[in-house]
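K.L.:
how does the following fold in three dimensions:
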Amino acid sequence: MFLQRDTPWSMKRSDTYEFSVMRIYALLACMILAVCCLVVYLAYLQIWCRTKYADQEGDQSLRRVWTPGRRGSIYDKNGVCLAGNRASYCIAIALDRIKQTGQPGKRALTNRIHQIIGDLQVTLNTNMAVSNADIENHLRRRSPLPLVIMRDADETSHALFAENKTRFPEVELIEDPVRYYPEGKAAAHVLGYVGRGSPEKESIQENTFEGPREKPDYYMNEIEGRQGIEKAWDKVLKGDPGGHVIRVDVAGIRRDLTNDTALLEKYRDEPIPGTDLKLSIDARIQRLAAQAVDGTNGAAAVVLDPRTGDILAMASFPAFDPNKFAAGISRADWKDIVSDPDKPILNRAAAGSYAPGSLFKIVVAAAALEKGIPPSTTFNCPGYFSLGGGWTLKCWKTTGHGNGLDMETGIEQSCNVYFCSLGQKCGYYSIREMATKLGLGRKVGLDMDVEGEGRLPAVRSVRRLGDIANASVGQGAIEATPLQMAVLAGAVGTGGHVCRPRLVTGQRPPGEEEFIEIPPQPLADLGWSETTITTLKRGMRRVIHADAGTGRIAKFSNDVFMGGKTGTAEFSLGNNKKKKWGWMMVFAPYDNPRYAAAIVVEDAIGGGKTAGPRMKLLMAGIFGEKDVTQ
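P.N.:
The predicted structure follows:
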């Protein structure tokens, strides 16, 4: 019998076994603990956080749509509406309804859209200018929104669609507010026009719903001012947009949210209407000014109140109809407007720049008088002014005015020789300084988007006798706008007080009943002497009321006295062809002017013969005279 002893090998095997069992138990415990943690965490996510993540999941398919507020209206000084808003009905295709019919794929969707448009064109007997590019652009940028295929449908199209509505389940009639202008062409250049917002804005993609003014995914019906008051005051007029949400599928097509009223209300933000504006324009006088310049190849008229600078009328012809732009102008109509050689878009009244001709003689006379040259100064007029070297500048009266013209008579007769001699004696430096004080050669600060500054040549460029002579009769490099000439007439009428023209006189924020008045800018006092004021006013009165005055044709009443000045300036067309600009400016009534006006006609016989009759009709209408003919 042998005794068995433990060996080192048998002890090591036992220890290893016991250690392995312990590791298995430990690993199993860790696994059980991990599973328990996972179960608890899943329960936390699915039970306690269910609402939170369900909302986040739903938000992934939501898109924010901004809708603009009602655009502010524009009124004249008496409360007459010049620009407002009206309902326009558009025919549009609801893409979600096409999707629900089972049409698969983008190509099939596009084909179906073309088919619907073709059927509608036959049914409504009209042409819908919707191109492939328009459809593709909409599907790429605005697929959740209705595709508008006809804007501002007329009554006939509206009625035909209503009769055949059941044939087109994918088509709907939507209301689209658009701008309307009751005065049409008459006030087009003052008000300007509007257009659709920039499509680049629609590329913004930001799906945050933290507050009421976050960036949207899509814009609807955004309108922007493109010219005139509509453009210059666009930020005030358009107000603040509101918003709502829509739900889209993976293809970007809109889905129904009508049953989710809580979600709709949560993200709804009502738009804030724009501010209404009150202008200095008087609608009645604006119509008169438009009639005065109508029927020409190019003309403009401005009427203002020289006591405040309020512009009562500003008309330019040819004009455009801003209503054509309101619902979206066609490419053909836009091409016709921009290619028109008569430039109907140009605001000739504020931005047109013309040689002022003899109207500038008033500036020369004022400069001479303020320099101390007496109004009794006379010069001989043989019918021409010698420039030396055999060159002459002719007077309009080729037989000459003789030796008897003083300054008042020189203004009445608009003698070129008199003012060439006076300008030479006065010097161009004094003339230019006076012109600058009267607002020439610079913008007058009009609260609009466009304004010309005219042109006054530098002193160093007017040194030769011929240059001074040309400047003294308002030709050469001197240019001015009709607005500047109306300011000049008003300055003489008020005895040397220069106004700053303005158009907007009040604002009415949304919800308010009364306009907040904007005070006028104070007048600039030139400090003219009594001699200067009396001489200029008397001379301009004689232009209209003297038997031989160059502007006597503008006289319309023995009871209403005016001061005025006519002017004619030649301009070259090339190939030795020339035309004339005809001018006239007035202030009235003579003793206490309430009106200052200027008219320019681009293709004229002369200032008195062409602009004079138009000024007569304008001023007679302003003062309520009837049965006045040109």
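K.L.:
low-confidence regions, this structure specifically.
P.N.:
1-19, 49-61, 99-105, 197-221, 249-261, 263-265, 626-630 (pLDDT under 70).
K.L.:
for the stretch 201-350 of the chain, what spans make up the strands?
P.N.:
Using DSSP state E, counting those that start in this stretch, the strands of the stretch 201-350 of the chain run over residues 218-219, 223-225, 242-248, 254-255, 276-279, 299-304, 311-317.
K.L.:
could you dump these into TSV with mean neighbour count and distance to residue 485 added?
P.N.:
Heads up, the C-betas are built off the backbone N, CA and C, glycines and all. Output for the strands of the stretch 201-350 of the chain, formatted as TSV (neighbours: other Cβ atoms under 10 Å; distance: least, Cβ to Cβ, whole Å):
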stretch	mean neighbour count	distance to residue 485
strand 218-219	21	43
strand 223-225	21	27
strand 242-248	19	46
strand 254-255	16	57
strand 276-279	24	21
strand 299-304	29	8
strand 311-317	29	13
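K.L.:
nearest residue to residue 516 in space, please, no chain neighbours.
P.N.:
residue 507 (5.3 Å; Cβ to Cβ, 6 or more residues apart in numbering).
K.L.:
just give me the neighbour total for that neighbour.
P.N.:
18 (other Cβ atoms under 10 Å).
K.L.:
am I right that it sits in a strand?
P.N.:
Yes. Applying DSSP: H, G, I helix; E, B strand; the rest coil, one finds residue 507 inside a strand.
K.L.:
distance of it relative to residue 233?
P.N.:
9 Å (Cβ to Cβ, to the nearest Å).
K.L.:
go ahead and confirm residue 569 touches residue 583.
P.N.:
Yes. Counting by Cβ atoms under 8 Å, residue 583 is a contact partner of residue 569 at 7.3 Å.
K.L.:
tell me the secondary structure of residue 89, please.
P.N.:
Under three-state DSSP, residue 89 comes out as strand.
K.L.:
one step back: out of the strands of the stretch 201-350 of the chain, which comes closest to residue 154?
P.N.:
For the strands of the stretch 201-350 of the chain, distance to residue 154 was read as Cβ to Cβ. The smallest value, 20.9 Å, belongs to strand 223-225.
K.L.:
got a list of what the nearest residue to residue 340 once chain neighbours are set aside touches?
P.N.:
Nearest residue to residue 340, sequence neighbours excluded (Cβ to Cβ, 6+ apart): residue 318, at 7.2 Å. Listed by Cβ atoms under 8 Å, 6 or more residues apart in numbering, the contact set of residue 318 reads 297-298, 340, 342-344.
K.L.:
partners of residue 83 in the sheet?
P.N.:
Listed by DSSP bridges, the beta-bridge partners for residue 83 are residue 74.
K.L.:
how near is the residue nearest to residue 516 to residue 74?
P.N.:
Using Cβ to Cβ, we find residue 507 at a distance of 11 Å from residue 74.
K.L.:
what touches both of these two?
P.N.:
276-278.
K.L.:
need the residues you listed in CSV (columns: distance to residue 309).
P.N.:
Output for the shared contacts of residue 507 and residue 74, formatted as CSV (distance: Cβ to Cβ, whole Å):
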residue, distance to residue 309
276, 22
277, 17
278, 15
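K.L.:
for the helix or strand in which residue 409 is found, name the packing helices and strands.
P.N.:
If you go by DSSP states H and E, residue 409 is part of helix 407-413. Counting contacts by 3 or more Cβ pairs under 8 Å, 6 or more residues apart in numbering; DSSP states H and E, helix 407-413 packs against helix 361-370, helix 416-426, helix 530-545.
K.L.:
winner for burial among these?
P.N.:
Ranked by mean neighbour count, the helices and strands packed on helix 407-413 are led by helix 361-370 with a mean of 26 (mean count of other Cβ atoms under 10 Å).
K.L.:
what sits up against it?
P.N.:
375, 377, 407, 410-411, 414, 419, 422-423, 425-426, 430-431, 433-435, 438, 440, 472-474, 488, 492, 528-529, 531-532, 535-536, 539-540, 565, 567.
K.L.:
just checking, next helix/strand downstream of it?
P.N.:
Moving toward the C-terminus from helix 361-370, the next helix or strand (DSSP H and E) is strand 384-388.
K.L.:
give me the buried positions along that following strand.
P.N.:
384-385, 387 (16 or more other Cβ atoms under 10 Å).
K.L.:
between the residues you listed, which is nearest residue 114?
P.N.:
Distances from residue 114 to the buried residues of strand 384-388, taken by Cβ to Cβ, are shortest for residue 387, at 72.4 Å.
K.L.:
how about the contacts made by the residue lying closest to the closest one once chain neighbours are set aside?
P.N.:
With Cβ to Cβ, 6+ apart as the criterion, residue 387 has its nearest non-adjacent residue at 4.7 Å, and that residue is residue 466. Shown in contact with residue 466 (Cβ under 8 Å, 6+ apart): 387, 391, 393.
K.L.:
swap in residue 80?
P.N.:
So residue 80 contacts residue 283 (Cβ under 8 Å, 6+ apart).
K.L.:
now do the shared contacts for residue 507 and residue 233.
P.N.:
Joint contacts of residue 507 and residue 233 (Cβ under 8 Å, 6+ apart) are residue 277.
K.L.:
please enumerate the helices of the stretch 1-150 of the chain.
P.N.:
For the stretch 1-150 of the chain, applying DSSP state H, counting those that start in this stretch gives helices covering 8-43, 50-59, 95-100, 106-124, 132-141.
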